[in-house]
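*Asks:* Generate coordinates for the sequence data below:
(one chain, ligands or ions: 1)
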Amino acid sequence: MDFRIEDITPEEIDRRLAVVEPLTDSVRDLVDAVIRSQVSDDELQAAKATIDEVVASLRTRQRPGGFGTPYTREFIGMPWGNAAVGARNAIAPPLRVTRSAGLAECDMVLGAAYEGPGGCVHGGVAALMLDQLVGEAASTDGLPSFTGTLTVKYLRPTRLGALNARAEVTGREGRKTFVHATLSDDDGVTVEADAIMISPKGFELPTGDALPPPANSRADRDV
Ligand SMILES: CCCCCCCCCCCC(=O)SCCNC(=O)CCNC(=O)[C@H](O)C(C)(C)COP(=O)(O)OP(=O)(O)OC[C@H]1O[C@@H](n2cnc3c(N)ncnc32)[C@H](O)[C@@H]1OP(=O)(O)O
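*Replies:* All right, here's what the predicted structure looks like:
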């Protein structure tokens, strides 16, 4: 796995995010517009030409490979290409995760780009979001962990629209952290998941002890 330090200040992170987050939102809007547009074929082709021009201008300077997760020296992570929460990634669902001890949560509105069965959220998208949430809940004390096993149970279809996702640590055993997560709409839970998260060797927490939280208050960004 790649690891790199990018030694910038929190203010510089904010400045960069203020540029890229609106861009990413515009690209999400573009995706939604393409899916739902009912304009003529000529207009669709004109749109393609315009989009191709924008892509060409962005490609004049590109980094090789993925974005990775650079960290500042204060261990603020910048996972801006991340498939679930990347600030530069319009494919990622629009998640803004809040975290507190052993808990991660977010409200979101999912539109046409996240559809599986007609009018409903794709099961893979639900699993993606819950995977992210269990990872964030397991990491709130600063202990990094990978998803070892994620068991997802789809209780009923999840309609597109306003949703809530929530994950809570239920126990720890050596390097394993057990997390329960739910995806809910206004009528209650639609999907639930249980995860066994595994911390890399050398990162064990002594029983009953906890590492200090990451040295920042940007809990929704340091993935
Ligand atoms: C501030 C930062 C914010 C950070 C916020 C971060 C949010 C990230 C959210 C995204 C999370 C992801 O998608 S992560 C990406 C998807 N996951 C992966 O790619 C993981 C791929 N797998 C691996 O790298 C590895 O298999 C590991 C690390 C999971 C385990 O390898 P290992 O460390 O060698 O494990 P090992 O010594 O054999 O076993 C240790 C203990 O774990 C158990 N164990 C081992 N593998 C598994 C498993 N898959 N499922 C269940 N349990 C397992 C063993 O039985 C054992 O239990 P016992 O005998 O001790 O009882």
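
*Asks:* how many neighbours does residue 92 have?
*Replies:* 21 (other CB atoms under 10 Å). In this view, the C-beta of every residue, glycine as well, is placed from N, C-alpha and C.

*Asks:* who's in contact with it?
*Replies:* 82, 83, 84, 85, 86 (CB atoms under 8 Å, 6 or more residues apart in numbering).

*Asks:* From those, list just the buried residues.
*Replies:* Those of the contacts of residue 92 that meet the buried threshold are 82, 84, 85, 86, by 16 or more other CB atoms under 10 Å.

*Asks:* Just checking: what are the partner strands of the top strand by length along the chain?
*Replies:* Using DSSP state E, we find that the single longest strand of the chain is strand 161-173. When sheet partners are counted by DSSP bridges, strand 161-173 sits next to strand 103-110 (antiparallel), strand 176-185 (antiparallel).

*Asks:* Following element in sequence after the last one, please.
*Replies:* Next along the chain after strand 176-185, taking DSSP states H and E as the criterion, comes strand 188-198.

*Asks:* hmm, that next one in reach of the ligand?
*Replies:* Yes: with CB under 6 Å from any ligand atom as the measure, strand 188-198 is seen reaching the ligand through 196, 198.

*Asks:* ok, back up a step: adding mean pLDDT and mean neighbour count, write the strands paired with strand 161-173 out as CSV.
*Replies:* Formatted as CSV, those follow (pLDDT from 0 to 100; neighbours: other CB atoms under 10 Å):
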stretch, mean pLDDT, mean neighbour count
strand 103-110, 98, 18
strand 176-185, 98, 21
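
*Asks:* Could I get the pLDDT score of the residue in the chain that the ligand sits nearest to?
*Replies:* Using CB to the nearest ligand atom, the single residue of the chain nearest to the ligand is residue 135, 2.3 Å away. Note on residue 135: pLDDT of 97.

*Asks:* From the contact counts, what lies against whichever strand or helix holds it?
*Replies:* Secondary structure from DSSP H and E places residue 135 in helix 123-138. Taking 3 or more CB pairs under 8 Å, 6 or more residues apart in numbering; DSSP states H and E as contact, the helices and strands that helix 123-138 lies on are strand 103-110, strand 146-154, strand 161-173, strand 176-185, strand 188-198.
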